[in-house]
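1. Predicted model follows, preceded by the sequence.
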Amino acid sequence: MQMGFRGEIVWGLNSIMFLMLFLFLSLLSLRCYCAEVHEINDSKPLAVGQTLVSPGRIFELGCFSFSDSSKQYVGLWQKNIVYPRKFVWVANRERPLAVSDGLASLKISRIENLELLDGKQNSLWSANVAAQVPSSNTSSVVSHLLDRGNFVVKNDVEADGLVWQSFDHPGDTYRLSCWDSIANLRGGMS
């Protein structure tokens, strides 16, 4: 069975449209994956539009705003609950960012402190960990989000390395993952 000239054109256009749709979806998924960060360090800050994701993709930390607000916050939520999103911890509750501030970032500063900076590099929130980090030229401070929902700052000098954790600064949402066990109701990492 022969295809006429018109059929060849339609088949060719369908093939091109399918290829363009495939490329578009591939680029879209790559963009979404690239917006996820797995560590914050002195050379890799967390920018507006990016999220820090726990290794098991259970929790996510990033900027958010409420639909009726001109303010933006850095918070922590469960990744798999999209609507309504439940925020379990907020860093800058007292000093929000402007929604229009696309240059803000959460970063490890040059004095090895975890800070939220607005677009003009003003500090809006800090974990105040600089004094807890040993002064060493080889010290490296990094921040991770753990699968238990604990946002931590660690250094590589000490064996434990933990210098700050969000479990020590709870919000108004209590999570069972904050405690080691029912018998031991102290917060912290295990």
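-> Structure received. Numbers count the residues shown, from 1 in each chain.
2. low-confidence ranges in the chain?
-> Across the chain, the ranges flagged by pLDDT under 70 are 1-15, 17-35, 130-139, 156-159, 171-190.
3. Tell me how it divides into domains.
-> 7-35, 38-178 (automatic domain parsing).
4. deepest of the ones you listed, which one?
-> Mean neighbour counts were compared across those using mean count of other Cβ atoms under 10 Å; the top stretch is domain 38-178, at a mean of 16. Bear in mind the C-beta positions are built from the backbone N, C-alpha and C, glycine included.
5. Now do the longest strand that the chain contains: everything it contacts.
-> Secondary structure of the chain per DSSP state E: the longest strand is strand 71-78. Strand 71-78 is contacted by residues 48, 58-65, 85-93, 96-99, 101, 104, 106, 116, 125, 145, 149, 151, 166 when judged by Cβ atoms under 8 Å, 6 or more residues apart in numbering.
6. switch the cut-off to 6 Å
-> Residues from elsewhere that reach strand 71-78, judged by Cβ atoms under 6 Å, 6 or more residues apart in numbering: 60-61, 63-65, 85, 87-92, 96-97, 99, 106, 116, 151.
7. ok, Ser100 - contacts?
-> Residues in contact with Ser100 (Cβ under 6 Å, 6+ apart): none are found.
8. On the three-state scheme, it is what?
-> Following DSSP: H, G, I helix; E, B strand; the rest coil, the label given to Ser100 is coil.
9. so where do the helices sit in the chain?
-> 5-34 (DSSP state H).
10. for it, what spans make up the strands?
-> Along the chain, the stretches classed as strands by DSSP E are 36-37, 46-47, 51-53, 59-64, 71-78, 87-90, 97-98, 105-108, 114-117, 123-126, 141-145, 151-155, 162-165.
11. could those go into JSON lines alongside distance to Ile16?
-> Output for those, formatted as JSON lines (distance: least, Cβ to Cβ, whole Å):
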{"stretch": "strand 36-37", "distance to Ile16": "32"}
{"stretch": "strand 46-47", "distance to Ile16": "36"}
{"stretch": "strand 51-53", "distance to Ile16": "35"}
{"stretch": "strand 59-64", "distance to Ile16": "37"}
{"stretch": "strand 71-78", "distance to Ile16": "41"}
{"stretch": "strand 87-90", "distance to Ile16": "44"}
{"stretch": "strand 97-98", "distance to Ile16": "43"}
{"stretch": "strand 105-108", "distance to Ile16": "41"}
{"stretch": "strand 114-117", "distance to Ile16": "46"}
{"stretch": "strand 123-126", "distance to Ile16": "49"}
{"stretch": "strand 141-145", "distance to Ile16": "42"}
{"stretch": "strand 151-155", "distance to Ile16": "46"}
{"stretch": "strand 162-165", "distance to Ile16": "53"}
